[in-house]
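Visitor: okay, predicted coordinates and the sequence, questions at the end:
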Amino acid sequence: MPTLVTDAVVIGGGHHGLVAAAVLADAGWDVCVLESADVVGGAVRSARLHPDFITDLFSAFYPLSAASPVLRALELERHGLRWAHAPNVLAHPPRPDGGPAAVLHRDREQTAAGLAVHDPRDGEAWLRLCRQWDQVGDAFLRSLFTAFPPVRGPLQLLRRIGTADALRLARFLALPAGRMGEELFASEQARLLLAGNAVHGDTPPDATVSGVFGWLLAMLGQQYGFPVPAGGAGELAAALHRRAAAAGADVRTGEHVERIDVRAGRAVAVHTAGGLTVRARRAVVADVAAPALYGHLLDPGVLPSRLLADLQRFVWDTPVVKVNWALAGPIPWRSPDVAGAGTVHLGADVRGLLRWSADIESGTVPASPFVLLGQMTTTDPSRSPAGTESAWAYTHLPRGVAHDAAADELAGRVDAVLEKFAPGFGDRVLHRVVQRPRHLQDADPNLVDGAVNSGTAQLFQQLVFRPVPGLGRAETVIDGLYLGSASAHPGGGVHGVCGWLAARAALGEHGAFGALRRRVTSAALELLYRDPRPRP
């Protein structure tokens, strides 16, 4: 059987795994990446599902990538990445009657002017929100994009705004999306910019802290837009691959890892289905979902029983159904405000979002789904021939309802939503492909039952609770093994931080204070996961 020896092996060539490989290789480590698929990228991939039409198979718009200090530091533009932007960032028509939509522009004054048409108070309210972001946004992102406990970001905030305003900001960030919109804005259109963005994850819009998701995406869209890689999402993955390879990483596709060897409490090697063994002198970074890491790649005998028990409570995010279209012409929107937007929110006003969320949380296939739609040729003209449109839309099924019949039923309802907001839409369809939950999982095993965020984004499974109650860090109970996927803090989205944190943790444990760091981390994990003492 062939054997390789390297400093670090990265399991999974998704974007987090490629980031980890580049960071470790930059530090002079020998790195081997093992990806089970024939191409790298994980959920950052594109394909030609119809001749001359490029479709993003999973993720598509990348405001978190544009904001991520990790991806910016990798200078991917030097490795072939080019970004493209739609004329407008986002549009959300409240109703299918052709009335005015909420529109997010890249220019804040233009966004404010558009909202002021709906209610004169909302223009200035939007600019106040932007000025708040100017003051706190970089410190907030620093706090979010770092290992626990975050120190520099909160200290920066305290110095900048003081304790009293920091407390008010904390209350603001804890608000449900609906309540946040009511406190900020007078018109429904302005509130929709927050509420629609809030449900990009699987957090109900009336849940505590759901507002922070809407606020964050709205402000990132205002500052950075919702950019896409020119030529398809796969171009982002390809640039990451080239960046990691340029640093010296050995990236291998078609190598499915079946097992991690643990000896004396330390990860020392991985074994693939093809018979390859890769021995790791320093680290194993797992860019795989937490249940796969702890439930399949490791012998349960090497794991604490409390950790295994905690994993039984791990909650996936809700299944996704995605519909992809090749269109003979632009979408014939009733509302002209929608035509120039890259991202479109459809099918629900603020109250409708609550009803849609209630259906999902109660196990009901929504009769009137909320739909997130991408006009990809509008955003990047290279996606399809001139005068046509490459478009997709996705929505969610309830947890536990991921079978094909429900997916097909919901996909038909997505088509119906499009026909309401754009009569004649169906006449322009040249080709249609439905990605059901099982298709998403077959294409990327991390997307279990079509869950695209590697675990729910609700508060009970975020921060120090992700993926289970712990340290909120990449280190695991196995020495030399680091969780570097979206199952780790800070969670879903294409930002590279999970892989970066795993790589930095590995480098830190082999640095000047590595021995002390390992002792402290091991002691903390022992306290968290040791079996409780039996009662007398």
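Guide: It's in.

Visitor: next SSE downstream of the host helix or strand of Gly123?
Guide: Element membership for Gly123 (DSSP states H and E) is helix 120-144. Of the helices and strands lying after helix 120-144 in sequence (DSSP H and E), the nearest is helix 152-173.

Visitor: what's the first helix or strand after that next one?
Guide: helix 177-184.

Visitor: one step back: list of residues touching the helix holding Gly123?
Guide: 67, 69, 108-109, 111-113, 115-116, 150, 152-154, 156-157, 160-161, 169, 184-187, 189-190, 215-216, 219, 222-223, 490 (C-beta atoms under 8 Å, 6 or more residues apart in numbering). Any C-beta I mention is one placed from the backbone N, CA and C, and that applies to glycine too.

Visitor: mind redoing it with 7 Å?
Guide: For helix 120-144, contacts defined as C-beta atoms under 7 Å, 6 or more residues apart in numbering pick out 67, 108, 111-113, 115-116, 150, 152-154, 156-157, 160-161, 169, 184-187, 190, 219, 222, 490.

Visitor: with stretch 396-403 instead?
Guide: Contact partners of stretch 396-403, identified using C-beta under 7 Å, 6+ apart, comprise 202, 316, 318-321, 360, 363-365, 406-407, 410, 437, 449-450.

Visitor: CA atoms of that stretch as PDB?
Guide: The C-alpha trace of stretch 396-403 is given here as PDB (Å, rounded to 0.1, in the frame of the first residue of the first chain):
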ATOM      1  CA  HIS A 396     -36.400  25.200   2.100                       C
ATOM      2  CA  LEU A 397     -38.200  22.100   3.200                       C
ATOM      3  CA  PRO A 398     -38.900  21.200   6.800                       C
ATOM      4  CA  ARG A 399     -36.300  19.100   8.700                       C
ATOM      5  CA  GLY A 400     -37.100  15.500   8.200                       C
ATOM      6  CA  VAL A 401     -38.900  16.100   4.900                       C
ATOM      7  CA  ALA A 402     -36.200  15.700   2.300                       C
ATOM      8  CA  HIS A 403     -37.700  13.000   0.000                       C
END
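
Visitor: please indicate which of the contacts of helix 120-144 are buried?
Guide: 67, 108, 111-112, 115-116, 150, 153, 156-157, 161, 169, 184-187, 190, 219, 222, 490 (16 or more other C-beta atoms under 10 Å).

Visitor: mind listing what's buried in the lowest-mean-pLDDT helix or strand in the chain?
Guide: Across the helices and strands of the chain, mean pLDDT, DSSP states H and E gives its lowest value to helix 514-529, namely a mean of 81. For helix 514-529, the neighbour count (16+ other C-beta under 10 Å) marks 517-518, 521, 525, 528-529 as buried.

Visitor: pull the residues that contact that helix.
Guide: For helix 514-529, with C-beta under 7 Å, 6+ apart as the criterion, the contacting residues are 304, 306-307, 470-471, 475, 477, 479, 508-509.

Visitor: what does stretch 93-110 give?
Guide: With C-beta under 7 Å, 6+ apart, stretch 93-110 has contacts from 88-92, 111, 114, 117-118, 127, 130, 188-190, 192-193, 218, 221-222, 225, 334-335, 337-338, 341, 349, 420-421.

Visitor: and it, what's its mean pLDDT?
Guide: Here stretch 93-110 scores 94 as its mean pLDDT.

Visitor: now do the same end-to-end measure for it.
Guide: Start and end residues of stretch 93-110 are separated by 17 Å (C-alpha to C-alpha, to the nearest Å).

Visitor: stretch 139-158: how far from the chain's middle?
Guide: Put simply, stretch 139-158 sits 20 Å off its chain's centre (C-alpha atoms, centre = their mean, to the nearest Å).
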